[in-house]
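# here is a sequence with its predicted model. Questions after.
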Amino acid sequence: MTEHSKEASQTAHSATAPEPQVDLDDMVASTDSGARKPVGAPGKLLVGIAAVWSLFQLWIASPLPFVFGVGVFNATEARSVHLAFALFLAYMAYPALKRSPRDHIPLQDWVLAGLAAFCGAYMFLFYEGLAQRPGAPILQDVIVGVAGIVLLLEATRRALGPPLTIVALVFLTYSLAGPWMPGMLAHKGVSLYGLINHQWLTTQGVFGIALGVSTSFVFLFVLFGALLDKAGAGNYFIKVAFSLLGHYKGGPAKAAVVASGMTGLISGSSIANTVTTGTFTIPMMKRVGFPAEKAGAVEVASSVNGQIMPPVMGAAAFLMVEYVGISYVEVIKHAFLPALISYIALIYIVHLEALKANMQGLQSSNPAKPLVRKVAGFLAGLLLMMITGLGVYYGLGWLKPVLGAAAPWVISLGLVAVYLALLKLAVGYPELELDDPDQPIYTLPQTRPTVMVGLPYILPVIILIWCLMVERLSPGLSAFWATMFMVFIMLTQRPITAALRGRSNVGPDIREGALDLWNGLVAGARNMIGIGIATATAGIIVGAVSQTGVGLVLADVVETIAMGNLLLILFFTAVLSLILGMGLPTTANYIVVSALLAPVIIQLGQQNGLLVPLIAVHLFVFYFGIMADVTPPVGLASFAAAAVSGGDPIRTGFQAFYYSLRTAALPFLFIFNTDLLLIDVSPLQGVLIFVVATGAMLIFAAATQGYMLTRNRWYESALLLLVAFTLFRPGFWMDQLHDPYRDIAPTQFVQALGDVNADSTLRLQVSGLDAYGEPMTTYMTLPVPDGESGAERLDALGLELITDDGKAIVDMVTYGSQAAELGFDFDQQIIRVQAPVDRWTKEWMWLPALGVFGLVVMLQRRRRRRAQASPAAASL
């Protein structure tokens, strides 16, 4: 929560409702940064250690350790120190119980913090000794490991609540008590030494991939957001959104959606995002006619979606980089379209709510302009940005080879020059003021001055996106350079702005900028405590799955319950994510569900002939993980919004879930239509898919809200849902009309391989034994390799077949070949070969769908005209 929003919210509520605001602040603090705020020396020590943690993370992310040869940490050592900081601060910042003191740290917490930090740092402190005895822990290792796990679980209970602690305990118990488990859950069991070695002394458990991602990527992005917030970007984003949209029908609600989307760059926390923007937006929504529950629900629905909005997504998105094995740029590419159309649809839902209630916007301060001038100005600005971007892209491409080693210095000087120019531009406009959201009269700020005065805040975000998308640096290094430029801005913007405005208080401005930087370093570290603890504890669950093989057992159980139906598996996965999300933070929820059920979905999809990309499954889990912050009865973001609005939290949660149906529908749609994730589509196709998918989502929103041009009749809502489904999944209807594949005898596989086009694919159904010797049948997609004939292509594939008695059996698979990568193995049988057929493209199904949509529009327009002509006829 920003200092600005805290001050405003405290001012707004102090006279009327002080108690709810205390509860609200406590909710945000206890969820994100720790509710304890000790005074005196302990308080200084707490913030000092938090700042040191931030500086440590900046150090290990920078090139400096390798330049100077000092302070170089390998991945395991860095994770160990990272966890040590998180554990120490967890015991310092989070009270043990609700009645525990908040203004000082009890002696027992000092002791527990020191012991926990030692156990967390054990891998770093004794790294060489542990490396000399891999897999053979001594008694000291086991004692430290047992103490570390116990202290980690207690820190988890304090920072995140009991649910994640209980889940981790269940998996630890399952690891040790395997022989006594019933039926198919039984396994040979794990000894205490083996458990501790796996969970605490290797990178398979606590110090696994999840904690590694928290160490390498997530911390820097959270710190970057905290620094942006302390610099004033949060207030800037809210002001810009209100100046752009506040004067339209239901304008404050539309501004809330946009502001929350932009604030998602700053905060990866749904609750902090809800409170930061909601402090301003919810009272404004109520003023133009939104009921308290709906005002809170709009803020919740938009704030929660901040985690799915690229380029800076929630922490779970960085885990996908490791779990899926693709770059962060690829994750952004696949996540961009669903997130964007989800936000556009939410703005439309707000618009429909305003139409239903005949709401008006707020008074605008912008000079009146004809629509043509507005559109022309927008297009001119967009064109200027595109030309500037192309100029910078090609200009740097030309400069780098010319400048050689001096290129980084020249580019840095160019960035400073742009920054100074933006500051010079900003001082030509009044400084942004902090508004009281409960003032009786509220005039919207003018758009141009508001946008111009905060342009320097956009520069670090552009640097981050540039490093990620153009320079293709790692997420950690990209966030490092963006953060360092943000540090430079925080130290210089106040004195330079003061000088440009003709003020002489440069010294105090420098001190105030340094204080903002210090507070940003502390806030970034405190916001990371919960994430660091969550990723470490989730590592226990992942470690138990890998050590006991429970994932395979769960796959059998889930497949049996779902009766082999992929749609039911997806439904169970969604429900499990929502249930776990009632107590687990998004990151831990994603780790647990993806570790347990993502392989099951992939396997079952292959067995049913639907080849689901791994990224689609992980995004599916991620979406329902964030939905848990909305879903009643435990959606914490809904409780936070209700504390601001004064509405009922349960009703707010149900309304927010209703608004979020579009977010819940998207994962099911992109599982079955991966075009929505921009997988294997051209840029032109991508534009077309964006336009059609956006229209489909707006139609879906109109159907679920019961209103488009006027109130829907029940059959109109049904037709609109049918239209939306067809636009999203045109292939479903085309497959009913014409099968996309024709069956070929397995013995004719080589001939079919030679007959199809080189850029085509074959679908194969293969039976054999899996890695555990169990019978399995699966589908696979076979890209046709180069070659003039079927035999040449088969050889290029690295596959040898034996055809006998009408069967095609795999006789040999070349090591490292394409066939081996696809999963072919000796003695498998190809039982089905399907070749693509020429048919109409699935997009032709859009035409009848648009025809039905036109019919609904015609019916509603006629009914609306009748209602306008005679209000009594509206009910006929």
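Perfect, thanks for sending it.
# please report how far Val592 lies from Ile541.
From Val592 over to Ile541 the distance is 5 Å, taken as CB to CB, to the nearest Å. C-beta here means a position set from N, CA and C on the backbone, and glycine is covered the same way.
# what is in contact with those two at once?
Common neighbours of Val592 and Ile541, counting by CB atoms under 8 Å, 6 or more residues apart in numbering, are Val167.
# the helices in the stretch 451-600 of the chain, which residues?
Under the criterion DSSP state H, counting those that start in this stretch, the stretch 451-600 of the chain carries helices at the ranges 455-469, 475-500, 506-548, 550-562, 566-581, 586-607.
# between those helices, which gets nearest to His187?
Comparison of the helices of the stretch 451-600 of the chain against His187 by CB to CB identifies helix 506-548 as nearest, at 5.2 Å.
# and the angle from the closest one to helix 586-607?
Orientation note: helix 506-548 sits at an angle of 40 degrees relative to helix 586-607 (axes from the mean of the first three to the mean of the last three CA atoms, to 10 degrees).
# distance from the chain centre to helix 506-548, please.
17 Å (CA atoms, centre = their mean, to the nearest Å).
# going forward, begin numbering at 479 instead of 1
In the new count, where the first residue is 479, that last one comes out as helix 984-1026.
# returning to that earlier point: least reliable of the helices of the stretch 929-1078 of the chain going by mean pLDDT?
Sorting these by mean pLDDT places helix 1028-1040 lowest, at a mean of 71.
# quick revisit: now mean neighbour count and distance to Asn1151 too, for the helices of the stretch 929-1078 of the chain, in CSV please.
Formatted as CSV, those follow (neighbours: other CB atoms under 10 Å; distance: least, CB to CB, whole Å):
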stretch, mean neighbour count, distance to Asn1151
helix 933-947, 20, 25
helix 953-978, 21, 28
helix 984-1026, 23, 30
helix 1028-1040, 16, 21
helix 1044-1059, 19, 14
helix 1064-1085, 24, 14
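# Asp1126 is nearest to which of the ones you listed?
helix 1044-1059 (20.6 Å).
# ok, and what's touching the closest one?
Against helix 1044-1059 from outside (CB under 8 Å, 6+ apart): 641, 645, 1036-1037, 1039-1040, 1067, 1070-1071, 1075, 1078-1079, 1082-1083, 1086, 1088, 1098-1099, 1102-1107, 1109, 1142, 1145-1146, 1149.
# now stretch 971-985
So stretch 971-985 is contacted by 709, 898, 901-902, 904-905, 934, 987-988, 990-991 (CB under 8 Å, 6+ apart).
# please, which helix or strand holds Pro908?
Assigned by DSSP states H and E, Pro908 belongs to neither a helix nor a strand.
# so what's it up against?
927, 931.
# so where's the stretch 829-978 of the chain shaky on pLDDT?
Along the stretch 829-978 of the chain, segments meeting pLDDT under 70 span 840-857, 859-860, 863, 867, 871-872, 912-921.
# next one: the stretch 679-828 of the chain
742-747, 750, 754, 790, 792.
# mind redoing it with 80?
In the predicted model, the stretch 679-828 of the chain carries pLDDT under 80 at residues 712-713, 724-730, 734, 737-759, 762, 765-766, 782-795.
# where along it do the strands fall?
In the stretch 679-828 of the chain, no strands are found when defined by DSSP state E, counting those that start in this stretch.
# mind jotting down where the helices sit in it?
Under DSSP H, counting those that start in this stretch, the stretch 679-828 of the chain gives helices at 687-691, 697-709, 711-723, 729-741, 748-765, 770-782, 793-798, 806-835.
# and those helices as JSON lines, adding distance to Ile1007 and mean neighbour count?
Below are the helices of the stretch 679-828 of the chain laid out as JSON lines (distance: least, CB to CB, whole Å; neighbours: other CB atoms under 10 Å):
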{"stretch": "helix 687-691", "distance to Ile1007": "13", "mean neighbour count": "25"}
{"stretch": "helix 697-709", "distance to Ile1007": "10", "mean neighbour count": "27"}
{"stretch": "helix 711-723", "distance to Ile1007": "21", "mean neighbour count": "25"}
{"stretch": "helix 729-741", "distance to Ile1007": "21", "mean neighbour count": "28"}
{"stretch": "helix 748-765", "distance to Ile1007": "13", "mean neighbour count": "28"}
{"stretch": "helix 770-782", "distance to Ile1007": "21", "mean neighbour count": "30"}
{"stretch": "helix 793-798", "distance to Ile1007": "13", "mean neighbour count": "26"}
{"stretch": "helix 806-835", "distance to Ile1007": "24", "mean neighbour count": "22"}
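# returning to what we had before: okay if I get the helices of the stretch 929-1078 of the chain as CSV plus distance to Leu565?
Output for these, formatted as CSV (distance: least, CB to CB, whole Å):
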stretch, distance to Leu565
helix 933-947, 29
helix 953-978, 22
helix 984-1026, 7
helix 1028-1040, 27
helix 1044-1059, 23
helix 1064-1085, 16
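# wait, which of those is closest to His582?
helix 984-1026 (17.5 Å).
# from Gly1010, how far off is Ile538?
14 Å.
# repeat for Leu1147
According to CB to CB, Leu1147 and Gly1010 sit 34 Å apart.
# same check, this time on Gln838
47 Å.
# likewise for Val684?
On the measure of CB to CB, Val684 and Gly1010 end up 11 Å apart.
# read off the pLDDT value for the nearest residue to Val778 once chain neighbours are set aside.
Spatial nearest neighbour of Val778, excluding adjacent residues (CB to CB, 6 or more residues apart in numbering): Ala1134 at 4.0 Å. At Ala1134, the model reports a pLDDT of 86.
# can you map out the helices along the stretch 1229-1354 of the chain?
Under the criterion DSSP H, counting those that start in this stretch, helices of the stretch 1229-1354 of the chain are mapped to 1268-1275, 1296-1300, 1324-1347.
# out of those helices, the one nearest Leu524 is which?
helix 1296-1300 (51.2 Å).
# buried stuff in the closest one?
1296-1297, 1300 (16 or more other CB atoms under 10 Å).
# for that helix, what does the pLDDT average out to?
80.
# how far off centre is that helix?
For helix 1296-1300, the distance to the chain centre is 32 Å (CA atoms, centre = their mean).
# stretch 1152-1168 now?
Its chain's C-alpha centre and that of stretch 1152-1168 lie 20 Å apart, by CA atoms, centre = their mean.
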